[in-house]
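Participant: predicted model, plus sequence, below.
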Amino acid sequence: MPSMNRHQFLAEFVYGVEKYFDVGGIQASWAKGSKPAHRFWGDEDDRIEIPSSSDDHTTSDFAVSPDEKLVAVCGGLLISVYDIATKECHTQFRCPDESFPKLRFHDLARGDGGFCLIVATSDRPAMNNKLVIVELDNNGQMLTDQVNILVTPNLIDESLAPIVSRVNCVYVTPNTVPRPLLDEVRAKYTRALEHLQAKLLFESFEQIDGRFSGSQASSKDGRLLLYTINNHTIQRVSRAADGLPKIIVYDFVKKCQMQILSGHEDSVTWTAFSPDDSHIASASWDGTYRIFDTVTGECKHIIGPIGGQCTSGAWSPDSKHVVVCGSGRRTEEDTGTVESYSMVAVFSTATGKEVARFWHEDPKSRPGQVAWSSRNEIALTRRYDTDTWIWNPFEDRITSSLSLKVENPMMRAYVSPGKVAWARDGKLLILMCGDGTVEVWDRDANVKWTFQKPLGLDTKRFGQSFTWLEQHRMLMILNGDGYLRFYKLD
């Protein structure tokens, strides 16, 4: 029976667009500038090759400092901090072996002008989640001299010398250890020291028990931090009430928990502060969404249960509404049959009542990515789907859409966009497709840019993403071939 995996998809997929975003029925044209609007990887304006710990850890992630001065990027277990303007590396350190790091800069700068980089780690399979606080100075350099105290060539050679000498005396003739064997021993010894050094380094940092589970983890002023604890599914193992997932509102200044938000009975999949910090919204696999008061911790509204799983959401820029996404099940009154359905709906923060719902021609399709612009338009995708829609919920109409071209149906599961985002006050819509190609649409000028993955290039790393750098007027893209690329839109 025919099948498809990610590597086969990347090797065989021919990228194409069936229908592009339009204004008034006129599809976007290519943007005019000093560089072509359609470029492939390798024709970027600048790039950083991401150092990686090894091929055994293929995850990648990045985070940008609030002032857009620094970018921290991880390749496997190795984290590097660069100056965005100069592309110089100012700090590099390694995570412990069991980590699967995710990065975030905290929005609250340190008192002396430095930064706090939060490294979210997960000790699998035990899932002992930690948020590790790494303090950096204003130039992105780590405020400790413990980064490389064990793994230096001289120290490694000196410590191995007595062992090599002993082996030469006892086992080897003529008096020389075979080079391949010595190289293998040295590599394994270095690896063990790297792990020990990383463990000791991380033990010296401030740590918080918990994990990130949302899109907006910091309050606007940076004082409050949002994370979850006990955030594991109960679908396989039931747990007592005190072991159920909880959302923590952490005061980053006082270093204490300000609120513990309870109520969800299964994994929390999304949390976010409202733009004005007055409320916190959450989604959970228990089939409910909740809206909490940030100050009191009171649960103001419970949306659902929808009979299935709630996955994600996004706040409106004015904090008055929230769009939520999930997959539910309902029973037909006439036949009694149970059918699945997809939900993308907007609810009022004040009343908790539904305001609008996006209706898809396939009610069983699963929601994907969602982003709300300052112009009250919502960009949304569906998993295993080739379309991206722009929806005005208050007029309940589709204002534009994009359709990718997929000739092999088995590739639909891989091609759907993995991220959508608005930039420049709703002027730019940016989306990353499943192969790593990025589309940018300027809806005011109705022009487009495409930054495309070359045909047949396999990407070994996971975690592709992008961000718009407003101060630099530049798009930064993390690609799966191990590069952080920069593109100017002129």
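Facilitator: Good, I have the coordinates. Residues are numbered from 1 along each chain as shown.

Participant: any idea how far stretch 22-39 is from the chain center?
Facilitator: Relative to its chain's centre, stretch 22-39 lies at 28 Å (C-alpha atoms, centre = their mean, to the nearest Å).

Participant: pLDDT of that stretch, averaged?
Facilitator: What stretch 22-39 shows for mean pLDDT is 95.

Participant: thought residue 270 was touching residue 315?
Facilitator: No - Residue 270 lies out of contact with residue 315 (C-beta atoms under 8 Å); the separation is 11.0 Å. (C-beta placed from N, C-alpha, C; glycine too.)

Participant: which regions of the stretch 151-300 of the chain sit below the pLDDT cut-off?
Facilitator: Along the stretch 151-300 of the chain, segments meeting pLDDT under 70 span 172-177, 235-237.

Participant: correction: the stretch 1-150 of the chain
Facilitator: Looking along the stretch 1-150 of the chain with the criterion set at pLDDT under 70, you get 1-2, 54-57, 107-112, 123-127, 146-149.

Participant: quick one, strands of it?
Facilitator: For the stretch 1-150 of the chain, the strands defined by DSSP state E, counting those that start in this stretch cover 17-19, 22-23, 26-27, 29-30, 38-40, 46-49, 60-64, 70-75, 78-83, 89-94, 102-105, 115-123, 128-136.

Participant: got a markdown table for the ones you listed, with distance to residue 415 and mean neighbour count too?
Facilitator: A markdown table is the format used below for the strands of the stretch 1-150 of the chain (distance: least, C-beta to C-beta, whole Å; neighbours: other C-beta atoms under 10 Å):
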| stretch | distance to residue 415 | mean neighbour count |
| --- | --- | --- |
| strand 17-19 | 11 | 14 |
| strand 22-23 | 21 | 15 |
| strand 26-27 | 20 | 11 |
| strand 29-30 | 22 | 12 |
| strand 38-40 | 18 | 15 |
| strand 46-49 | 25 | 16 |
| strand 60-64 | 20 | 22 |
| strand 70-75 | 25 | 24 |
| strand 78-83 | 30 | 22 |
| strand 89-94 | 34 | 18 |
| strand 102-105 | 25 | 20 |
| strand 115-123 | 28 | 21 |
| strand 128-136 | 31 | 19 |
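
Participant: doesn't residue 161 lie inside a strand?
Facilitator: No - assigned with DSSP: H, G, I helix; E, B strand; the rest coil, residue 161 falls outside any strand and is helix.

Participant: and the gap between it and residue 458?
Facilitator: Distance of residue 161 to residue 458, computed by C-beta to C-beta, to the nearest Å: 42 Å.

Participant: look at these two and report which has more neighbours.
Facilitator: More crowded of residue 161 and residue 458, by other C-beta atoms under 10 Å: residue 458, with 13 against 10.

Participant: ends of stretch 71-87, how far apart?
Facilitator: When the termini of stretch 71-87 are compared using C-alpha to C-alpha, to the nearest Å, they are 9 Å apart.

Participant: give me the distance from it to the chain's centre.
Facilitator: That offset, for stretch 71-87, works out to 15 Å (C-alpha atoms, centre = their mean).

Participant: let me see the ranges of the strands in the stretch 301-450 of the chain.
Facilitator: 309-315, 321-331, 338-348, 354-357, 366-372, 378-383, 387-392, 397-404, 419-423, 428-432, 438-442, 447-452.

Participant: residue 5: which of the ones you listed is closest?
Facilitator: Nearest to residue 5 among these is strand 378-383; the distance by C-beta to C-beta comes to 16.9 Å.

Participant: direction included, what does that closest one pair against?
Facilitator: strand 366-372 (antiparallel), strand 387-392 (antiparallel) (DSSP bridges).

Participant: state the mean pLDDT of it.
Facilitator: Strand 378-383 comes out at a mean pLDDT of 91.

Participant: that older thread, can you tell me which of the strands paired with strand 378-383 the model trusts least?
Facilitator: Minimum mean pLDDT among the strands paired with strand 378-383: strand 366-372, a mean of 88.

Participant: relative to strand 419-423, how tilted is that strand?
Facilitator: Relative orientation of strand 366-372 versus strand 419-423 (axes from the mean of the first three to the mean of the last three C-alpha atoms, to 10 degrees): 10 degrees.

Participant: and strand 366-372, how far out from the chain's middle?
Facilitator: 14 Å.

Participant: how about the strands of the stretch 301-450 of the chain, which one is nearest residue 36?
Facilitator: Nearest to residue 36, of the strands of the stretch 301-450 of the chain and by C-beta to C-beta, is strand 447-452 at 9.0 Å.

Participant: can I get that closest one in CSV, CA atoms only?
Facilitator: The C-alpha trace of strand 447-452 is given here as CSV (Å, rounded to 0.1, in the frame of the first residue of the first chain):
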residue,chain,number,x,y,z
VAL,A,447,2.5,42.3,-3.7
LYS,A,448,4.2,39.1,-2.6
TRP,A,449,7.6,37.5,-1.8
THR,A,450,8.5,33.8,-1.8
PHE,A,451,11.6,32.3,-0.1
GLN,A,452,11.6,28.8,-1.3
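
Participant: what residues does the longest helix along the chain touch?
Facilitator: Looking across the chain with DSSP state H, the single longest helix is helix 179-203. Contacts to helix 179-203, defined as C-beta atoms under 8 Å, 6 or more residues apart in numbering, come from residues 77, 93-97, 121, 132, 144, 146-151, 156, 159-160, 163-164.

Participant: now with 6 Å, please.
Facilitator: Outside helix 179-203, the residues that touch it by C-beta atoms under 6 Å, 6 or more residues apart in numbering are 94-97, 132, 146, 150-151, 156.

Participant: that older thread, adding distance to residue 352, write the strands of the stretch 1-150 of the chain out as CSV.
Facilitator: Below are the strands of the stretch 1-150 of the chain laid out as CSV (distance: least, C-beta to C-beta, whole Å):
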stretch, distance to residue 352
strand 17-19, 37
strand 22-23, 35
strand 26-27, 39
strand 29-30, 44
strand 38-40, 46
strand 46-49, 45
strand 60-64, 33
strand 70-75, 38
strand 78-83, 41
strand 89-94, 45
strand 102-105, 30
strand 115-123, 31
strand 128-136, 30
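
Participant: ok so, going back, among the contacts of helix 179-203, name the buried ones.
Facilitator: For the contacts of helix 179-203, a burial check counting by 16 or more other C-beta atoms under 10 Å picks out 94-97, 132, 150-151.
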